[in-house]
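A.B. asks: take a look and give me a structure for this.
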Amino acid sequence: MDIQNTWLVLLPAVITVCVAVVSRRPIESLLAGILVGLLMLGPTTALDQFSNMLLEVMMSETIAWVIIVCGLMGSLIMLLLRVGSVDAFSEALAAKAKSSKSALMYTWLLGIIVFIDDYLNALAVGAAMRKVTDQFGVSREKLAYVVDSTAAPICVLVPISTWAVFYASLFQESGFAEPGQGMDLYISAIPYMIYPIVAVLL
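C.D. replies: The predicted model follows:
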């Protein structure tokens with residue numbers, strides 16, 4: 001049966017969302033959605049297709065780079081936590097913050113300063129400001145929103161971040177920009193990036 005023009009194409013996404021809501025486990029939810037989609041395409045070849053897709057993705061140079069970078073950044077943050085650097089930094093900021101608003105303002109400012117990479121931004125700022133915001137009764141959800149609304153958006157807007165380099169290379173590989181002109185095209189597009197500008201300002 002051809003399912004491409006029917007409502008069944010939405011089933012994997014619906015399954016993913018439902019499993020995520022019930023279990024609150026995103027990785028398992030995504031896997032469930034993938035398996036449902038593969039079973040719909042070919043029940044007898046679903047496992048073979050899944051393993052082939054997994055191998056293809058894991059052998060990608062880009063994916064390998066992301067995994068290595070995330071692992072190294074996570075290791076760096078854990079090292080800073082173990083040696084007490086994060087606690088010392090948190091205590092210094094806690095002494096300056098006088099209210100929940102000022103604690104969130106310091107979180108926002110720190111998010112602006114750490115613009116090199118969005119993963120590093122979220123890990124570093126979240127770890128550094130958790131104790132400060134807890135001290136003033138700021139909910140973890142509000143802290144997460146402030147951290148997330150500055151992590152990726154500020155990296156997108158600063159042309160010397162990992163995002164800028166990545167997209168500049170994509171522009172060149174796809175033919176949108178001449179060799180060596182990818183960064184110029186990216187910089188010219190920054191004024192039109194409405195979401196990151198609004199997210200940072202809010």
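A.B. asks: surely Gly137 and Ser100 touch.
C.D. replies: Yes - contact criterion CB atoms under 8 Å: Gly137 and Ser100 qualify, at 6.3 Å. In this view, the C-beta of every residue, glycine as well, is placed from N, C-alpha and C.
A.B. asks: who's more crowded, those two?
C.D. replies: For Gly137 and Ser100, the more surrounded residue by other CB atoms under 10 Å is Ser100, and the numbers stand at 16 against 8.
A.B. asks: and the gap between that one and Thr107?
C.D. replies: In this view, Ser100 and Thr107 are 10 Å apart by CB to CB, to the nearest Å.
A.B. asks: what touches both of those two?
C.D. replies: Common contacts of Ser100 and Thr107 (CB atoms under 8 Å, 6 or more residues apart in numbering): Thr133.
A.B. asks: pull the number of nearby residues for Leu202.
C.D. replies: Neighbour count for Leu202, taken as other CB under 10 Å: 11.
A.B. asks: excluding covalently adjacent residues, which one is nearest to it?
C.D. replies: Among residues not flanking Leu202 along the chain, Ser149 sits closest, at 6.7 Å (CB to CB, 6 or more residues apart in numbering).
A.B. asks: likewise Ala144?
C.D. replies: Nearest residue to Ala144 in three dimensions, chain neighbours excluded: Gly126, at 7.4 Å (CB to CB, 6+ apart).
A.B. asks: low-confidence ranges, the chain, go.
C.D. replies: Applying pLDDT under 70 to the chain flags residues 1-5, 62.
A.B. asks: please enumerate the helices of it.
C.D. replies: For the chain, applying DSSP state H gives helices covering 11-23, 26-41, 46-58, 61-83, 85-96, 100-113, 118-135, 140-157, 162-173, 182-189, 194-201.
A.B. asks: the residue nearest to Leu202 contacts Ile197, doesn't it?
C.D. replies: No - here Ser149 does not reach Ile197: they are 11.4 Å apart, not a contact under CB under 8 Å.
A.B. asks: between these two, tell me which one has more neighbours.
C.D. replies: More crowded of Ser149 and Ile197, by other CB under 10 Å: Ser149, with 18 against 15.
A.B. asks: what sits against the more buried one?
C.D. replies: Ser149 neighbours (CB under 8 Å, 6+ apart): 111, 199-200, 202.
A.B. asks: ok, of these, which come out buried?
C.D. replies: 111, 199-200 (16 or more other CB atoms under 10 Å).
A.B. asks: what about Leu8, how many neighbours?
C.D. replies: Counted with other CB under 10 Å, Leu8 comes out at 13.
A.B. asks: quick check: the residue nearest to Leu202 vs Cys155, distance?
C.D. replies: For Ser149 relative to Cys155 (CB to CB), the value is 12 Å.
A.B. asks: likewise for Leu76?
C.D. replies: 17 Å.
A.B. asks: per the record, what domains does this structure have?
C.D. replies: Per automatic domain parsing, the structural domains of the chain span 7-58, 61-201.
A.B. asks: would you tell me which one of those is buried the most?
C.D. replies: Mean neighbours per residue, mean count of other CB atoms under 10 Å, is largest over the domains of the chain for domain 61-201, with a mean of 16.
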